[in-house]
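Trainee: Please work out how this folds:
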Amino acid sequence: MNIIVIGGAGYIGSHVVHAMLESGHSVTVFDNLSSGVRENLVPHIPFIYGDILNYHVLVQSFRSAPFDAVIHLAALKAAGESMLQPEQYSVHNIGGSINILNAMAETGIKNIVFSSSASVYGEPIYVPMDEQHPCKPESYYGWTKLTIEQLMGWYEKLKGIRFAALRYFNAAGYDINGKVSGLEITPANLIPIIMEVAVGKRHEVCIFGDDYDTSDGTCIRDYVHVSDLARGHSDALAYIHGHACSIVCNLGSEKGTSVKEIIETARTVTGQDIPAHVTVRRPGDPAILTASAQKAHEILNWSAVNSTIERIIDSTWSVYKKNLWVCRKEV
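Mentor: Numbering: from 1, shown residues only. Below is the predicted model of the structure:
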């Protein structure tokens with residue numbers, strides 16, 4: 001198939017591009033490079049510099065080739081920031097997604113794979129969380145993701161656009177074969193922050209609370225290797241195209257790892273001290289968040305084969321070591 005990947009220069013998007021190419025698809029990248037980096041662009045494949053807020057550019061881009069599908073990974077994604085700046089998240093996440101769906105309807109593209117999030121669930125009632133878990137997001141970011149899923153449901157009914165909404169848990173790691181090496185511009189997740197401490201860009205890791213009802217008192221999360229996530233997009237696209245129906249699926253490792261376990265593993269892998277400091281809990285942080293990915297196993301034949309914590313951290317450290325001089329000169 002001929003695919004346009006919106007956000008294809010970003011952290012997850014660049015891995016998705018490689019997964020699509022490895023599956024034999026033709027790929028065009030559409031990105032405004034606000035968080036994506038040119039270093040992640042694959043040589044010799046088409047790149048369109050554009051923004052999802054510009055409807056006319058979207059339509060022109062969708063008409064530039066006979067595209068069979070859209071992969072939509074473009075969004076603002078900081079949950080805390082979304083609570084302070086909901087206006088921006090409304091415009092970019094919801095407004096931009098409406099532009100994409102309208103442009104698809106205008107140009108006749110009938111398949112979309114959407115980067116959703118486990119944040120749609122909110123506070124866990126039970127773990128592991130499956131797709132039947134109630135959706136009550138606790139951040140405005142999570143609400144935008146759920147709203148986009150609902151919008152796609154209506155566009156399926158009214159415009160015949162099939163969708164796959166992939167609810168990620170904690171994306172982490174870098175391409176095992178080293179094909180992606182561009183660092184995130186403003187990382188906000190635990191493992192990149194640990195790496196920045198390991199290379200000397202930050203002084204320490206903050207542990208937000210060590211008095212949770214877990215084995216070591218720190219929060220437990222489900223970390224899934226980004227290469228596994230990327231493959232999930234290819235699998236999901238094949239499914240909705242072949243079955244002419246839409247799906248909602250979790251993508252997670254189904255294993256929980258605590259903050260302290262992540263830090264200890266990183267110390268072992270990197271050989272660095274990685275100072276850590278315990279501070280107060282963050283509001284709204286549940287003790288445990290883990291996924292059930294049974295649906296993805298059953299209908300996509302997908303599994304998180306690369307998602308051991310050791311492999312996740314080792315692949316991340318390999319990229320940060322390559323970029324060591326960049327990190328240090330920014331200190």
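Trainee: contacts and neighbour counts: CA atoms only from here.
Mentor: Fine.
Trainee: Out of the helices and strands in the chain, which is least certain?
Mentor: helix 324-329 (a mean of 60; mean pLDDT, DSSP states H and E).
Trainee: Show me where the protein has its strands.
Mentor: 2-6, 26-31, 47-49, 69-72, 111-117, 162-168, 170-172, 205-208, 220-221, 223-225, 247-251, 257-258, 276-279, 288-289 (DSSP state E).
Trainee: Could you dump those strands into JSON lines and include mean pLDDT, mean neighbour count and distance to Ala296?
Mentor: Listed next are the strands of the chain as JSON lines, based on pLDDT from 0 to 100; neighbours: other C-alpha atoms under 10 Å; distance: least, C-alpha to C-alpha, whole Å:
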{"stretch": "strand 2-6", "mean pLDDT": "98", "mean neighbour count": "24", "distance to Ala296": "21"}
{"stretch": "strand 26-31", "mean pLDDT": "98", "mean neighbour count": "23", "distance to Ala296": "24"}
{"stretch": "strand 47-49", "mean pLDDT": "98", "mean neighbour count": "15", "distance to Ala296": "31"}
{"stretch": "strand 69-72", "mean pLDDT": "98", "mean neighbour count": "24", "distance to Ala296": "18"}
{"stretch": "strand 111-117", "mean pLDDT": "98", "mean neighbour count": "25", "distance to Ala296": "14"}
{"stretch": "strand 162-168", "mean pLDDT": "98", "mean neighbour count": "25", "distance to Ala296": "9"}
{"stretch": "strand 170-172", "mean pLDDT": "96", "mean neighbour count": "24", "distance to Ala296": "16"}
{"stretch": "strand 205-208", "mean pLDDT": "96", "mean neighbour count": "18", "distance to Ala296": "32"}
{"stretch": "strand 220-221", "mean pLDDT": "97", "mean neighbour count": "24", "distance to Ala296": "19"}
{"stretch": "strand 223-225", "mean pLDDT": "98", "mean neighbour count": "28", "distance to Ala296": "13"}
{"stretch": "strand 247-251", "mean pLDDT": "98", "mean neighbour count": "24", "distance to Ala296": "6"}
{"stretch": "strand 257-258", "mean pLDDT": "98", "mean neighbour count": "18", "distance to Ala296": "21"}
{"stretch": "strand 276-279", "mean pLDDT": "96", "mean neighbour count": "12", "distance to Ala296": "36"}
{"stretch": "strand 288-289", "mean pLDDT": "94", "mean neighbour count": "23", "distance to Ala296": "18"}
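Trainee: Turn these into CSV, columns for distance to Ser61.
Mentor: Below are those laid out as CSV (distance: least, C-alpha to C-alpha, whole Å):
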stretch, distance to Ser61
strand 2-6, 9
strand 26-31, 8
strand 47-49, 7
strand 69-72, 11
strand 111-117, 15
strand 162-168, 20
strand 170-172, 29
strand 205-208, 42
strand 220-221, 38
strand 223-225, 31
strand 247-251, 26
strand 257-258, 42
strand 276-279, 46
strand 288-289, 39
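Trainee: Restricting to C-alpha, output stretch 8-25 in CSV.
Mentor: C-alpha atoms of stretch 8-25 as CSV (Å, rounded to 0.1, in the frame of the first residue of the first chain):
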residue,chain,number,x,y,z
GLY,A,8,6.9,10.5,10.7
ALA,A,9,10.0,12.4,11.8
GLY,A,10,9.1,12.0,15.5
TYR,A,11,10.2,9.5,18.0
ILE,A,12,7.5,6.9,17.4
GLY,A,13,6.7,8.0,13.9
SER,A,14,10.2,7.4,12.6
HIS,A,15,10.1,3.8,13.9
VAL,A,16,6.7,3.4,12.3
VAL,A,17,8.1,4.5,9.0
HIS,A,18,10.8,1.8,9.2
ALA,A,19,8.2,-0.8,10.1
MET,A,20,6.0,0.1,7.1
LEU,A,21,9.0,0.0,4.7
GLU,A,22,10.0,-3.4,6.1
SER,A,23,6.4,-4.6,5.4
GLY,A,24,6.8,-3.6,1.8
HIS,A,25,4.7,-0.4,1.8
